[in-house]
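1. With the sequence up front, the predicted model follows.
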Amino acid sequence: MTAAESYEVILDFKQGDRFISQFITIWMDVNQDGDFEDSNEMLYQSDLAQSSFIAPITIPETAINGPTTMRLRSGWSAGGQISSPCGYWAFSETEDYELIVTEASVKAPTIAFDEVALVDLIKVYPNPVVNELFIKAKDTKIKQLILYDILGRVIKNNKQNIEKIDSSSLKSGMYLLEVKTNRGRVFYRILKK
Ligand SMILES: [Ca+2]
Ligand SMILES: [Ca+2]
């Protein structure tokens with residue numbers, strides 16, 4: 001998902017074969033601080049109970065790049081609107097999804113937070129990659145490499161071999177590489193050919 005873009009979340013609520021009326025609310029941990037309490041983190045709140053929804057959400061422009069948790073809660077209609085991302089809610093269900101947020105207007109490499117200097121210290125090449133992806137750092141120490149697929153699943157997690165990633169067995173497509181260093185972390189969009 002891209003910051004500042006709009007998407008539709010499509011939901012059907014069923015119990016067995018029967019549709020049931022639910023309220024729903026959707027949050028996203030936009031600033032990745034582990035909660036859904038910040039001012040722009042409620043992305044959608046239904047004001048009517050329905051058995052199916054097309055919920056329009058817009059990823060806030062300030063959303064930080066990288067794996068981000070989206071929380072969806074549905075609850076039985078008599079419980080009313082769902083206002084809280086945590087705690088008990090009558091006859092409710094809560095599901096978390098991990099999404100990858102990328103910055104709207106910036107081409108790879110993309111930068112997390114204000115770590116602009118860090119991106120100058122790390123070289124990731126070649127991109128697009130076919131076989132081996134090399135990661136070279138200067139004036140900083142790489143501690144870990146995590147490669148995510150577009151759904152946010154961890155594909156590789158290297159704590160030992162932190163100079164290259166063998167990409168030969170990856171399927172073609174877009175990946176996100178998180179480089180953790182002693183000076184912070186930075187994300188790169190990687191295209192596997
Ligand atoms: Ca938050
Ligand atoms: Ca917070």
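-> Received it, and whenever you're ready, just let me know what you need. Ligands and ions are numbered 1, 2, ... in the order given.

2. Only C-alpha atoms from now on, for both contacts and neighbour counts.
-> OK.

3. Contact residues of this protein facing ligand 1?
-> 29, 31, 33, 35-36 (Cα under 5 Å from the ion).

4. Adding secondary structure, write these out as TSV.
-> Shown next, in TSV, are the residues of the chain next to ligand 1 (DSSP: H, G, I helix; E, B strand; the rest coil):
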residue	secondary structure
29	coil
31	coil
33	coil
35	coil
36	coil
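
5. Just the buried subset of the residues you listed, please.
-> 29, 31, 36 (16 or more other Cα atoms under 10 Å).

6. Phi and psi next, for the last one.
-> Same thing as residue 36. The phi/psi pair for residue 36 (degrees, to the nearest 10) reads phi -120, psi 30.

7. swap in the second one?
-> When quoted as degrees, to the nearest 10, the phi and psi of residue 31 stand at phi -100, psi 10.

8. separation between it and residue 178?
-> From residue 31 over to residue 178 the distance is 17 Å, taken as Cα to Cα, to the nearest Å.

9. okay, now the domains of the chain?
-> 6-101, 116-192 (automatic domain parsing).

10. mean confidence score for the first one?
-> To tie it back to what came earlier, the one meant is domain 6-101. The predicted model assigns domain 6-101 a mean pLDDT of 91.

11. now do the same end-to-end measure for it.
-> End residues of domain 6-101 are separated by 12 Å (Cα to Cα).

12. what do you get for stretch 3-21?
-> For stretch 3-21, the end-to-end distance is 31 Å (Cα to Cα).

13. Touching that stretch from outside, list them.
-> Defining contact as Cα atoms under 8 Å, 6 or more residues apart in numbering, one finds that stretch 3-21 is touched by 22, 49-63, 76-77, 101-104.

14. Now with 6 Å, please.
-> For stretch 3-21, contacts defined as Cα atoms under 6 Å, 6 or more residues apart in numbering pick out 49-61, 63, 77, 103-104.

15. List the buried residues of it.
-> 3-4, 13, 20-21.

16. Turn the residues you listed into CSV, including secondary structure.
-> Converted to CSV, the buried residues of stretch 3-21 look like this (three-state DSSP):
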residue, secondary structure
3, coil
4, coil
13, coil
20, coil
21, coil
